[in-house]
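[1] using only what follows, build the 3D model:
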Amino acid sequence: MADSSALSPIELEVLWADFHSTVNMTAQEPAAWLRTRAAGAVGTSPPENAGGAAGRHVLAVLRRRRTELTADDVRLMREVVDRVAVLTEGSREPEPRATVTRHRLMSLGHDQLRP
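    Model (predicted):
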């Protein structure tokens with residue numbers, strides 16, 4: 001945790017909890033989603049580095065322990081919590097047909113249709 005030492009243990013605990021409640025998909029679900037999005041409709045085999053950098057970084061953080069976080073991980077966790085809040089702001093009921101927003105959220109590990 002040396003790289004994330006700028007946060008107090010309590011601040012890190014709060015961020016960790018916020019991130020894991022915001023990212024409501026298991027590590028396997030966004031990984032599969034990112035591979036599907038990278039493969040597209042063609043049906044070719046998706047690349048190992050599928051999805052955007054932020055999505056891949058979310059997956060890396062999901063696979064780490066809190067004590068293994070780097071400063072980049074902490075920065076990403078804050079960004080994801082903030083970005084998901086902005087994208088879901090004001091939406092009482094998620095609409096399945098709002099695909100662009102839903103796809104952006106899923107690329108960050110948040111499924112808007114999940115309770």
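
[2] which of the residues in stretch 12-21 are buried?
    L12, L15, W16, D18, F19 (16 or more other CB atoms under 10 Å). For glycine as for every other residue, the C-beta is placed from the backbone atoms N, C-alpha and C.

[3] wait, isn't the third one in contact with T67?
    No. Counting by CB atoms under 8 Å, no contact exists between W16 and T67, whose distance comes to 10.6 Å.

[4] quick revisit: among the buried residues of stretch 12-21, which are located in helices?
    Judged by DSSP state H, helices contain the following of the buried residues of stretch 12-21: L12, L15, W16, D18, F19.

[5] just name the closest of those to L108, please.
    F19 (10.4 Å; CB to CB).

[6] show me what contacts the closest one?
    Contact partners of F19, counting by CB atoms under 8 Å, 6 or more residues apart in numbering, are V61, M77, V80, V81.

[7] which ones are touching the closest residue to the third one other than its chain neighbours?
    Nearest non-adjacent residue to V80, counting by CB to CB, 6 or more residues apart in numbering: L108, 5.3 Å away. With contacts defined as CB under 8 Å, 6+ apart, L108 is in contact with V23, P30, A54, G55, V58, V80, R83, V84.

[8] so which of those residues wins on neighbours?
    Within the contacts of L108, most neighbours by other CB atoms under 10 Å means V58, with 29 neighbours.

[9] distance of the closest residue to that residue other than its chain neighbours relative to P9?
    Nearest residue to V58, sequence neighbours excluded (CB to CB, 6+ apart): G109, at 4.7 Å. According to CB to CB, to the nearest Å, G109 and P9 sit 24 Å apart.

[10] so these two - more neighbours on which side?
    It is G109, of G109 and P9, that has more neighbours when counted by other CB under 10 Å, with 27 against 10.

[11] tell me the secondary structure for that one?
    The assignment at G109 comes out as coil when based on DSSP: H, G, I helix; E, B strand; the rest coil.
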